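Participant: Just to be clear, the model below is a prediction. Sequence and coordinates:
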Amino acid sequence: MLKPIEIARELTEDSLRGLINRSIDVIHVPGFYPRDLSAEFSDKVAGHGELEAYKVQNALKRLGMGYVDVGGDEENAERYHSVAQQSIWAIRDLVYPRMTPLDQFRLLLEEVWTPGASIQVIEGKKSFVGTCRVIEPGANMLPHNDRLARMLKDGNSGLTGQLAVNIYLDMPPSGGDLELWLSEPDAEQDKRQKTTDGLDRSELGEPRLVVSPGNGDLVLFNSLLIHCVSPGVGGRRVTMSCFVGYSGDDQPLTYWS
Ligand SMILES: O=C(O)CCC(=O)C(=O)O
Ligand SMILES: [Fe+2]
């Protein structure tokens, strides 16, 4: 028997632990960021001169290089770390002196998690945090999971858990849903993701949970489990996101993009 779906409506130490140990499937906090600011912020993100298309899929654009874009290349890694802090500020400046939704999230995370939370260090260097994504109507994100260790040379991140965090700023009138399979890829599927954009829907069956966030909502899920974004209809989809790393109940959480 499959366990019933559990959705938490608050970000607390308990709900975070629940996502890590998989007793909770999603944390969905409606109205985390004000709607008017969400609209203003997404216009600024979508209109930003440095909004870059992903190498492979042109209809996915982002502000701020994610570690996933490093792709195991040393020069890319160097670039990622060298612009990390200025990229955080470039995004923060869009609404400064008001707070970006991710800065608000970082503070809340530190407040609820007893040992605290701070920026993830990768190979001895501070990370970037706060990628903003713009997905054009009709484009989707293939089913995948996100696991930092898969991207590292030695295959070891020191983390024992990883969560994905998204704040939804401008959702299309329909579609653009977050689909969760609530299962891990097998070893072959995990390895295949080193060289592909993701898995084939047909090999997975139906997702177990579909989340349709509204503008301003915060959603966290376990990124080690397979998930995807369905194509949006009738409008762009703008989000701000990061990952959270876990290495034990008595250890600080970390975050990066
Ligand atoms: O945009 C979303 O809803 C999820 C994107 C994603 O794959 C992630 O945050 O890991
Ligand atoms: Fe993901």
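Facilitator: Nice, I can see it. Ligands and ions are numbered 1, 2, ... in the order given.
Participant: need the residues of the chain near ligand 1, please.
Facilitator: Listed as neighbours of ligand 1 in the chain under the rule CB under 6 Å from any ligand atom: Met141, Asp146, Ala164, Asn166, Leu178, Ser223, His227, Val229, Thr239, Ser241. Just so you know, the C-beta spots here come from the backbone N, C-alpha and C atoms, and that holds for glycine as well.
Participant: what's the lowest-pLDDT member of those residues?
Facilitator: Of all the residues of the chain next to ligand 1, Met141 carries the smallest pLDDT score, 93.
Participant: Residues in a beta bridge with the closest residue to that one other than its chain neighbours, which ones?
Facilitator: Residue nearest to Met141 in three dimensions, not counting chain neighbours: Val229, with 4.0 Å by CB to CB, 6 or more residues apart in numbering. Taking DSSP bridges as the rule, Val229 bridges to Met141, Leu178.
Participant: what about Val229, neighbour count?
Facilitator: By other CB atoms under 10 Å, 22 other residues sit near Val229.
Participant: Let the chain start at 13 from now.
Facilitator: With the count now opening at 13, the last piece we talked about shows up as Val241.
Participant: Tell me where the stretch 63-212 of the chain has helices.
Facilitator: For the stretch 63-212 of the chain, applying DSSP state H, counting those that start in this stretch gives helices covering 86-94, 96-104, 113-124, 199-204.
Participant: Need the winner for burial among these.
Facilitator: Across the helices of the stretch 63-212 of the chain, averaging neighbours per residue (mean count of other CB atoms under 10 Å) puts helix 113-124 on top, at a mean of 19.
Participant: So for that helix, mean pLDDT?
Facilitator: In this model, helix 113-124 carries a mean pLDDT of 98.
Participant: which other residues reach that helix?
Facilitator: With contact meaning CB atoms under 8 Å, 6 or more residues apart in numbering, helix 113-124 is reached by 23-25, 28, 44-45, 50, 53, 103-104, 128-130, 141-142, 177, 179, 181, 228, 230, 252-254, 256, 265, 267.
Participant: Using CSV, list the CA coordinates for that helix.
Facilitator: Provided in CSV are the C-alpha atoms of helix 113-124 (Å, rounded to 0.1, in the frame of the first residue of the first chain):
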residue,chain,number,x,y,z
PRO,A,113,11.7,36.3,-1.8
LEU,A,114,14.8,34.1,-1.4
ASP,A,115,16.5,36.5,1.1
GLN,A,116,13.2,36.3,3.1
PHE,A,117,13.4,32.5,2.8
ARG,A,118,17.1,32.4,3.9
LEU,A,119,16.2,34.4,7.1
LEU,A,120,13.2,32.2,7.9
LEU,A,121,15.3,29.0,7.5
GLU,A,122,17.9,30.3,9.9
GLU,A,123,15.2,31.2,12.4
VAL,A,124,13.4,27.8,12.3
